[in-house]
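Chemist: quick check, what structure comes out for this input:
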Amino acid sequence: MKQRILFVCLGNICRSPAAEAMLRRLVESEGLGDVIEVDSAGTYGGHRGERSDVRMRRAAAARGIEMTHLARQVREEDFELFDKVIAMDDNNYEALFRLAPDRRAQQKIFRFKEYLRRHTDWSYIPDPYYEGHEGFELVLDLLEDGCATLLDEIR
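Modeler: Numbering: from 1, shown residues only. A predicted model of the protein is given here:
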């Protein structure tokens, strides 16, 4: 049975598409593409159809991660399609709870911080949008940690 993961941040142009691309790369390198499906979305739809932030694409590319996702907003049917809906921070987590159509859908919502093993002092994935290069690198470090844990859990 295929495991479907949806990463969610605010605008779907930095954190969640980077998590999607990172987990996808791990899945492909392990030959698990037929077992795990991954996507991302935002709680805000103002960037719908846009490519990921160029700064995040550059930082990810330097790590060998290609980001091709176009931003989209979370839809009600996502709660039916995906097994886990993983929020990057508490604001996204709370927004997802409000968007979830029922209690069963709410049980699919998780915080990304739950998957951090090495960076346990972080209670959320910070939004690097207003930060410099270091902010994007930090986010990628956190995502790398959590995506590895998530993949281990799914296996």
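Chemist: for the rest of this, base every contact and every neighbour count on C-alpha atoms.
Modeler: Fine.
Chemist: and residue 95, which helix or strand is it part of?
Modeler: With elements delineated by DSSP states H and E, residue 95 resides in helix 90-99, which encompasses its position.
Chemist: after that helix comes which helix or strand?
Modeler: Beyond helix 90-99 in the direction of the C-terminus, DSSP H and E gives the next helix or strand as helix 103-106.
Chemist: what helices or strands is the helix holding residue 95 leaning on?
Modeler: Taking 3 or more CA pairs under 8 Å, 6 or more residues apart in numbering; DSSP states H and E as the contact definition, the neighbouring helices and strands of helix 90-99 are strand 84-87, strand 109-111.
Chemist: ok, residue 17 - contacts?
Modeler: 7, 39-41, 52, 67, 69, 71 (CA atoms under 8 Å, 6 or more residues apart in numbering).
Chemist: which positions in the strand or helix carrying it come out as buried?
Modeler: With secondary structure defined by DSSP H and E, residue 17 is part of helix 15-29. Within helix 15-29, the residues scored as buried using 16 or more other CA atoms under 10 Å are 15-27.
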